[in-house]
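1. Curious how this folds, go ahead:
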Amino acid sequence: MSILIAYDGKSDTEAALEYATKLSIGLGEPLYILTVVSKDQMDPEDMDPTVQEYMQEAQKKAMISGATDVHTIIEVGKPEDVILEVADSFQCDAVVVGRPDRSRFDRMVMGSVSQDLVENSKCPVIIVPTPGEED
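-> This is a model prediction of the structure:
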């Protein structure tokens, strides 16, 4: 069993990383930090150093906070599909995601990864709001 966080290095996932880290520590479960990039963003054979840097930084933050079993995963694909696949493969107890700083209208028109996860995940999905965000 484990905890999975969908992380992209942006401010709206920082609070989610903190929450997932606390959850991992509290449950004594491994923490998997996953980022998903599109094929347009990156060639899987030639990894963007920026992505590697923010993933290493996320792992470091989790470990400094007290998590001891922390892993990073970088995948290419459609975020909601990859997150569900990784959650299944690691038999996750929970998937933690941040809530992007978008209006309700934007989420309605463009869709929402978190909503798709809630509807299709086999484990609980925890959506962590960005501190101070207004809806």
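
2. Starting from the helix-or-strand element of the chain with minimal mean pLDDT, tell me the next helix or strand along the chain.
-> Ranked by mean pLDDT, DSSP states H and E, the weakest helix or strand in the chain is helix 104-110, scoring a mean of 47. The helix or strand immediately downstream of helix 104-110 is helix 113-120, counting by DSSP states H and E.

3. hang on, residue 97 packs against residue 16?
-> Yes - if you go by CB atoms under 8 Å, residue 97 and residue 16 touch, sitting 5.9 Å apart. Using the backbone N, CA and C atoms, a C-beta is placed for each residue, glycine as well.

4. Now for these two: what residues contact both?
-> 5, 6, 128 (CB atoms under 8 Å, 6 or more residues apart in numbering).

5. Considering these, which possesses the most neighbours?
-> Neighbour counts for the shared contacts of residue 97 and residue 16 (other CB atoms under 10 Å) peak at residue 5, which has 29 neighbours.

6. That one sits in which helix or strand?
-> Secondary structure (DSSP H and E) places residue 5 in strand 2-6.

7. Please name every helix or strand in contact with the next helix or strand after that strand.
-> Using DSSP H and E, the helix or strand that follows strand 2-6 in sequence is helix 11-27. In terms of contacts (3 or more CB pairs under 8 Å, 6 or more residues apart in numbering; DSSP states H and E), helix 11-27 is packed against strand 2-6, strand 31-37, helix 49-64, strand 92-98, strand 125-128.

8. Make CSV out of the ones you listed and add distance to residue 81 and mean pLDDT.
-> CSV is the format used below for the helices and strands packed on helix 11-27 (distance: least, CB to CB, whole Å; pLDDT from 0 to 100):
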stretch, distance to residue 81, mean pLDDT
strand 2-6, 12, 96
strand 31-37, 9, 95
helix 49-64, 18, 93
strand 92-98, 13, 94
strand 125-128, 15, 92
